[in-house]
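Novice: 3D, please:
(one chain, ligands or ions: 1)
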Amino acid sequence: MDGNSESRHGMWSSRWMFVLAAAGSAVGLGNLWRFPYITGENGGGAFVLIYLACIALVGIPIMMAEVLIGRQGRQSPVNSMLTLTQQHHRDSSWVLVGWMGVLAGFLILSFYAVIAGWALKYIFSLASGAFAGASGEHATKAFEEFLASPWEMIFWHSLFMVFVIFIIARGVASGLETAVRWFMPLLFVLLAVLVGYGVTSGGFAQGVDFMFAFEWSKVTDTALYEALGHAFFTLSLGMGAIMAYGAYVPSAVSITGTVVTIAVLDTLVALAAGLAIFPVVFANGLEPAQGPGLMFVTIPLAFGHLPLGALFGTLFFILVSFAAITSAISLTEPALAYLVEQHNVKRSRAAIGIGLACWLLGIGTVLSFNEWSDVHLLGEKNFFDVLDYFTQNILLPLGGLFIALFAAWALPKAVTKHQLGLKTAWQENGWLLLAGVVAPLGVLTVFLVTLIGIDNIRNWLS
Ligand code: TRP
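Specialist: Alright, predicted model coming up:
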């Protein structure tokens, strides 16, 4: 009944290695860079709580679905879906989910690498001591000047892509596992230091209030929609990254416990990033809704006022870059594993091909911050905004929706029971309720509410 018991691409050596790899994929720019800035743009409180609800009710069931499909199929997402639909005589169009994921991963990596390039650049800015005692104005200006020079951005973006290609070409082997084992705890420690700084900065109460005070009036269409999209993004869901990693999970590992651990780790890092950043925003009279530059302005500012700030600031951006690399490689895994399986391409060749194509598309994102910043493709959205929106808010939720439906309703019950180790009728119904009803309805409701408009709904209610 089990698919194959091993994947041809290799296996994680233990449960803990899978947790580290999946957490390495989940924890990244999404937590440290994207979460704080979209929280800022969406007014805080209500957004954060909706996001937490999305993680618990939608994210966790869908992550379980991805791991179980991957482990049952033991191949790239496209081929796992293909094999499972054939084996169980289901409609072959389910395989489109795999292809959508390949596309989403490709598009996301194209801009992800650009932002990760910013983090690389900031390793050197911090190391040079450029932010010692800096004012908010100074930190803002430094960032704006950097954004204004496309060549400099392309340089760092290219460097990041070279690192990614290098690592994925060699396979997701022990080097990565070791790196993750060290950097995750270190990241926690440094974030704790930064939260500590936040506590003493004078803006802490305001920061906490901003992040957690729920006001119904702050629930907007965009907050709802962004929170859902971000839940997918931050947990690496909806495009098969976790499904691909799931294919390498040993059969004896419990999926539920592992998935909950990963989601909790990821959420803790995001909340810590918020608690490190917003106090600095308020203590320095900065704008919480300033957009993508938020982390790159506040964190250097905080370190500029801490003892040994240049040293720890450098270390911090090294960790951010690491977090970005372990996420970036998971974005390529579905496409890479597919090319290797289907066309017998050497892993290294496939890596270079995918990397170069992403790099090229990434130049569009680089230009969105300078030369093309006023080129609006869709409403007010420029090239980067459109990519960001289309992937997070459409491709990932749709992918996740179908993944959940497939795992809950299309796969034979015996398969899911076996994979998840469900013993009682209670457990089985609980799973069906969450993955088959709550998570899909959650995604559909958000789509629908956004379409109708929350203001209209408020009017009907009142
Ligand atoms: N989760 C990562 C982050 O928060 C980004 C990421 C990695 C991702 N793999 C993914 C996002 C797959 C969506 C899908 O930075």
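Novice: Residues of the stretch 51-200 of the chain that sit close to the ligand?
Specialist: Ile108 (C-beta under 6 Å from any ligand atom). The way it works is simple: take the backbone N, C-alpha and C, and place the C-beta from them, glycine included.
Novice: neighbours of Tyr51, just the number please.
Specialist: 27 (other C-beta atoms under 10 Å).
Novice: Could you pull up the residues touching it?
Specialist: 35, 39, 227, 230-231 (C-beta atoms under 8 Å, 6 or more residues apart in numbering).
Novice: Where does it fall, secondary structure wise?
Specialist: Under the criterion of DSSP states H and E, Tyr51 resides in helix 45-54.
Novice: ditto for Val375
Specialist: Per DSSP H and E, there is no helix or strand for Val375.
Novice: just Leu315 next, same as before
Specialist: helix 309-343.
Novice: Following the helix or strand encompassing Met184 in sequence, what is the next regular element?
Specialist: Using DSSP H and E, Met184 sits within helix 174-200. For helix 174-200, the following helix or strand on the C-terminal side (DSSP H and E) is helix 204-212.
Novice: Distance from the chain centre to the helix holding Tyr51, please.
Specialist: The gap between where helix 45-54 is centred and where its chain is centred comes out at 16 Å by C-alpha atoms, centre = their mean, to the nearest Å.
Novice: Likewise for stretch 73-92?
Specialist: 25 Å.
Novice: List the neighbours of it that are in contact with it.
Specialist: Residues contacting stretch 73-92 (C-beta under 8 Å, 6+ apart): 3-8, 69-70, 72, 94-95, 97-99, 101-102, 240, 243-244, 247, 333-338, 340-342, 406, 410-412, 415.
Novice: and what of stretch 256-265?
Specialist: 15, 18-19, 22-23, 26-27, 55-56, 59-60, 63-64, 67, 184, 235, 249, 420-421.
Novice: Go ahead and build a PyMOL selection from the buried members of these.
Specialist: Those of the contacts of stretch 256-265 that count as buried under 16 or more other C-beta atoms under 10 Å are selected in PyMOL with:
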select buried, resi 15+18+19+22+23+26+27+55+56+59+60+63+64+67+184+235+249+420
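Novice: what's the pLDDT at Cys54?
Specialist: Note for Cys54: predicted pLDDT of 96.
Novice: Gln419 - nearest residue in space that isn't next to it in sequence?
Specialist: Leu68 (4.2 Å; C-beta to C-beta, 6 or more residues apart in numbering).
Novice: Hmm, Val249 and that neighbour touching each other?
Specialist: No. Counting by C-beta atoms under 8 Å, Leu68 sits too far from Val249 to count as a contact (9.4 Å).
Novice: Overlap of the contact sets of these two?
Specialist: Ile255.
Novice: Flag every buried residue along the helix holding Met184.
Specialist: 176-177, 179-180, 183-184, 187-188, 190-191, 193-195, 197-199.
Novice: Same question for stretch 90-102.
Specialist: For stretch 90-102, by 16+ other C-beta under 10 Å, it's 90, 94-95, 97-102.
Novice: still on that earlier bit, out of the contacts of Tyr51, which is most surrounded?
Specialist: That'd be Ala231 among the contacts of Tyr51, by other C-beta under 10 Å, with 33 neighbours.
Novice: per-residue pLDDT, the residue nearest to the spatial centre of the chain?
Specialist: Nearest to the mean C-alpha position of the chain, counting by C-alpha atoms, centre = their mean, stands Thr234 at 3.0 Å. Confidence at Thr234, expressed as pLDDT, is 97.
Novice: ditto for Gln75
Specialist: Gln75 is given a pLDDT of 95.
Novice: What about it, how many residues nearby?
Specialist: 26.
Novice: SS state for it?
Specialist: coil (DSSP: H, G, I helix; E, B strand; the rest coil).
Novice: For it, grab phi and psi.
Specialist: Gln75 has phi and psi values of phi -140, psi -170 when expressed as degrees, to the nearest 10.
Novice: ok, it to Lys121 distance?
Specialist: With distances taken as C-beta to C-beta, to the nearest Å, Gln75 is found 38 Å from Lys121.
Novice: Ok, Asp374 next?
Specialist: 24 Å.
Novice: Pick out whichever of the two has more residues nearby.
Specialist: Taking other C-beta under 10 Å, Asp374 and Lys121 do not tie; Lys121 has more neighbours (21 against 7).
Novice: can you tell me which residues contact the closest residue to the more buried one other than its chain neighbours?
Specialist: Distances taken as C-beta to C-beta, 6+ apart put Trp156 closest to Lys121, at 4.6 Å, once the chain neighbours are dropped. Trp156 is in contact with 117-118, 120-121, counting by C-beta under 8 Å, 6+ apart.
Novice: With adjacent residues omitted, what lies nearest to the residue in the stretch 351-462 of the chain positioned nearest to the ligand?
Specialist: Residue nearest to the ligand within the stretch 351-462 of the chain (C-beta to the nearest ligand atom): Leu396, separated by 5.9 Å. In space, and not counting its chain neighbours, Leu396 is closest to Gly238: 3.4 Å by C-beta to C-beta, 6+ apart.
Novice: That neighbour: how many residues sit nearby?
Specialist: Using other C-beta under 10 Å: Gly238 sits among 34 other residues.
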